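Colleague: A predicted structure for the sequence below; I have some questions about it.
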Amino acid sequence: MSQSTFFRVFGERQDMPNFVFRQKLHIFMSMAENKPVSHIYEGYYITLYANRVHIITWNVGSATPPDDITALLGLNVGDGNTDMYIIGLQEVNSMINKRLKDVLFTDQWSEVCMERLSPFGYVLVTSQRMQGLLLLVFAKYFHLPFLRGVQTETTRTGLGGYWGNKGGVSARMSVFGHTICFLNCHLPAHMENSDQRMEDFESILQQQQFEGQAATGVLDHDVVFWFGDLNFRIDDLEMQVVKSAIDNNKLSTLWEKDQLNMAKDSETVLEGFQEGPLKFPPTYKFDVGTDTYDTSGKKRKPAWTDRILWRLRATAPASTGKRGSISGLTSGTKVTQHFYRSHMEYTVSDHKPVSSIFTLQFPYKVDVPLVTLIVEDEWNSVADAIAKFRLVPNYSRSSWDWIGLYKVGFKHHKDYVGYVWAKQEEVTFTEEELPKGSGDFILGYYSNNMSTIVGVTEPFQIQLPTTDLGMSSSDSSDFSSEDDSTVVHMKMRSRSPSPHKGKHRSHRSRSHSRSHSRSSSPKQTKTKEQDVTDGSQSSTVTTEGESTGHPADGSSSQAFHSEEDDKDTAGSGV
Ligand SMILES: O=P(O)(O)O[C@@H]1[C@H](O)[C@H](O)[C@@H](OP(=O)(O)O)[C@H](OP(=O)(O)O)[C@H]1O
């Protein structure tokens, strides 16, 4: 690649010194050939591998979700470049009757978040609930194959560790090969409990241990985001002084009395944690339905109870970057905070939500999918409804792996239109089982051993002539013998509108490798699971018992849980 082409393609500065160009080109070429790049040259970051993460924390005070959370999610102002949404809530209504309902159905907060985010291409990666604490992790659907080793943890610290009204819930994963942990905490309330808050935080860190070789403790992760209702208060200052500072926008006078800021100087457990400046007024405590600080008999002093911090594994001194952003540098990963703000317009709770947007920059990126799916750009007839797939060597395959057909705008991996067991490298979707009507769809390959989608296609259009659909079976819930690679057409659960209106984009597989062969006629599949091994790639196959359920029920996932479960996949470099 010539220097001028490199500049044009990657938008790099024309006046880049030649030696920097050569270093960057070297990194780029190494990555293009899937060679890991283990170090950074002279402090120059290649800017290709940035992930934008939007974090929200909100003590919702048992309220039902407000009508519109568009502004909270920044969907009205965003440029669509956010890769992940992390939503940490506290005090989600967990009265016993509500809790039972939430077990049977999705809770209202998860539902409203999925409802708003799915039309923009975000799917729920994982969620964890512990009484009032709820953590939701969303990502653009095409990132799913690169979010691996997803695990969650919960720790109760209420009533001496027996009650989950206080504590922490976390989700960890490797994101394009870099380990990240998101920890949502609700620490003890009240002014006098600052030490207890620190003790509980330490206890949460100690107790939360994940499986696997890489990053077993929260602080072992390359990046940790710690957020929640941390409940720290403003010491010493009288109510009137605090309120006057808020009214006169003299917030800096309150910073040094903020208990969390003060604890940073003395508590070793807080070493390395960084936080942006608190330029928004304290987010606690408000009269519900207003922007007025507490007028109740409790007369709580305003405080920054709701916080978002981050930590890089091997910390270097924080530096102030361009445009006042805060940066840190370690292990080749860089975190830049863009916003740290509150949302005063939300009044359903006695707390205001707080949000922050971060860019994570990585010197390299593991972005080779474990499974590459290949489909036609358009399915205009039933004969087009074929998918082929290739597995990377050492992929821990299961005979319960399946390929889901998803309408673009789907909410989570179970929100499929239909599926086919992935028993051989070419699978067909029969006429009866194709979705009715037209639209943009993707295929996702679900790994039973990893409990996640490990390969996706780009959107393709299904638009079948009505005659093709005329013979559709009225009973779409039937399914055939498991020996057939047969799509089971499921009733759509909680479907969302597609963000793509009409315009078809011609894509096949989301991967580096784009070989686009397909046979002209659908192959009838009768392969038994023991024969599934792809001769050219020697993938391993886990052989289990018979399945009678649909894949989302994970009929095999408990009884036949592979030892490889939850590991960052072999051969993935994660
Ligand atoms: O959720 P829990 O575990 O029941 O804990 C309560 C919660 O932290 C409330 O925010 C707090 O009210 P304030 O925010 O008004 O302090 C209340 O204090 P209280 O007992 O003084 O009402 C706590 O008991």
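Modeller: Structure received.
Colleague: state the distance from the nearest residue to residue 210 once chain neighbours are set aside to residue 413.
Modeller: Here the nearest residue to residue 210 in space, its sequence neighbours aside, is residue 151; by C-beta to C-beta, 6 or more residues apart in numbering that works out to 4.9 Å. C-beta coordinates here come from the backbone N, C-alpha and C atoms, glycine included. Computed with C-beta to C-beta, to the nearest Å, the distance linking residue 151 and residue 413 is 16 Å.
Colleague: cool, residue 377 as well?
Modeller: Residue 377 sits 24 Å away from residue 413 when distances are taken as C-beta to C-beta.
Colleague: can you list the strands that the host helix or strand of the residue nearest to residue 210 pairs with?
Modeller: Using DSSP states H and E, the element containing residue 151 is strand 147-158. Sheet pairing here is set by DSSP bridges, and for strand 147-158 it gives strand 163-175 (antiparallel).
Colleague: can you give me the neighbour number for the closest residue to the ligand within the stretch 401-550 of the chain?
Modeller: Ranking the residues of the stretch 401-550 of the chain by distance to the ligand (C-beta to the nearest ligand atom) places residue 412 first, at 28.8 Å. For residue 412, the count of nearby residues is 22 (other C-beta atoms under 10 Å).
Colleague: contacting residues around the residue nearest to it when sequence neighbours are not counted?
Modeller: Counting by C-beta to C-beta, 6+ apart, residue 412 lies nearest to residue 124, which is 4.2 Å off, once chain neighbours are set aside. For residue 124, the contacting residues are 110, 113-114, 136-138, 411-412, taking C-beta atoms under 8 Å, 6 or more residues apart in numbering as the criterion.
Colleague: among those, name the ones in strands.
Modeller: Secondary structure assignment (DSSP state E) places 136-138 from these within strands.
Colleague: still on that earlier bit, between residue 377 and residue 413, which has more neighbouring residues?
Modeller: residue 413 (20 against 17).
Colleague: contacts only, for that one.
Modeller: Applying C-beta under 8 Å, 6+ apart as the definition, the contact partners of residue 413 turn out to be 123, 144, 404, 444, 446, 452-453, 552.
Colleague: can we see that at 7 Å?
Modeller: With contacts defined as C-beta atoms under 7 Å, 6 or more residues apart in numbering, the neighbours of residue 413 are 404, 444, 446, 453.
Colleague: which of the ones in strands among the contacts of residue 124 are buried? Put it as a PyMOL command.
Modeller: Of the ones in strands among the contacts of residue 124, the buried ones can be selected in PyMOL as follows, counting by 16 or more other C-beta atoms under 10 Å:
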select buried, resi 136+137+138
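Colleague: dump the ones in strands among the contacts of residue 124 to TSV, plus distance to residue 396 and pLDDT.
Modeller: Converted to TSV, these look like this (distance: C-beta to C-beta, whole Å; pLDDT from 0 to 100):
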residue	distance to residue 396	pLDDT
136	28	98
137	23	98
138	26	98
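Colleague: tell me the one of the ones in strands among the contacts of residue 124 nearest residue 305?
Modeller: The shortest gap between residue 305 and any of the ones in strands among the contacts of residue 124 belongs to residue 136, at 20.3 Å (C-beta to C-beta).
Colleague: please name the nearest non-neighbouring residue to the closest one.
Modeller: Setting aside the residues directly before and after it, residue 136 is nearest to residue 87 in space (C-beta to C-beta, 6+ apart), at 4.3 Å.
Colleague: isn't there a strand covering that neighbour?
Modeller: Yes: under DSSP: H, G, I helix; E, B strand; the rest coil, residue 87 falls within a strand.
Colleague: could you report the neighbour count for it?
Modeller: As a burial measure, the neighbour count of residue 87 was computed by other C-beta under 10 Å and equals 27.
Colleague: what's the answer for residue 345, then?
Modeller: Other residues near residue 345 number 12, with proximity taken as other C-beta under 10 Å.
Colleague: what about residue 122, distance to the ligand?
Modeller: Using C-beta to the nearest ligand atom, to the nearest Å, one gets 30 Å for the distance from residue 122 to the ligand.
Colleague: list the contacts for that residue?
Modeller: For residue 122, the contacting residues are 85, 138-140, taking C-beta under 7 Å, 6+ apart as the criterion.
Colleague: re earlier: the residue nearest to residue 210 against residue 169, yeah?
Modeller: No: distance between residue 151 and residue 169: 11.8 Å, which falls outside the contact criterion (C-beta atoms under 7 Å).
Colleague: higher neighbour count, these two?
Modeller: Under the criterion of other C-beta under 10 Å, the comparison of residue 151 against residue 169 puts residue 169 first, with 28 against 18.
Colleague: what's near enough to touch the more buried one?
Modeller: With contact taken as C-beta under 7 Å, 6+ apart, residue 169 is in contact with 128, 130, 133, 135, 152, 154, 184.
Colleague: would you check which pair of those residues lies furthest apart?
Modeller: For the contacts of residue 169, with distances taken as C-beta to C-beta, the pair at the greatest spread is 133 and 152 (11.4 Å).
Colleague: how close does residue 391 sit to the ligand?
Modeller: Taking C-beta to the nearest ligand atom as the criterion, residue 391 is separated from the ligand by 48 Å.
Colleague: need the pLDDT of that residue.
Modeller: What the model reports for residue 391 is a pLDDT of 96.
Colleague: that one: neighbour count?
Modeller: Neighbour count for residue 391, taken as other C-beta under 10 Å: 29.
Colleague: was I right to think it contacts residue 397?
Modeller: Yes: if you go by C-beta under 7 Å, residue 391 and residue 397 touch, sitting 6.3 Å apart.
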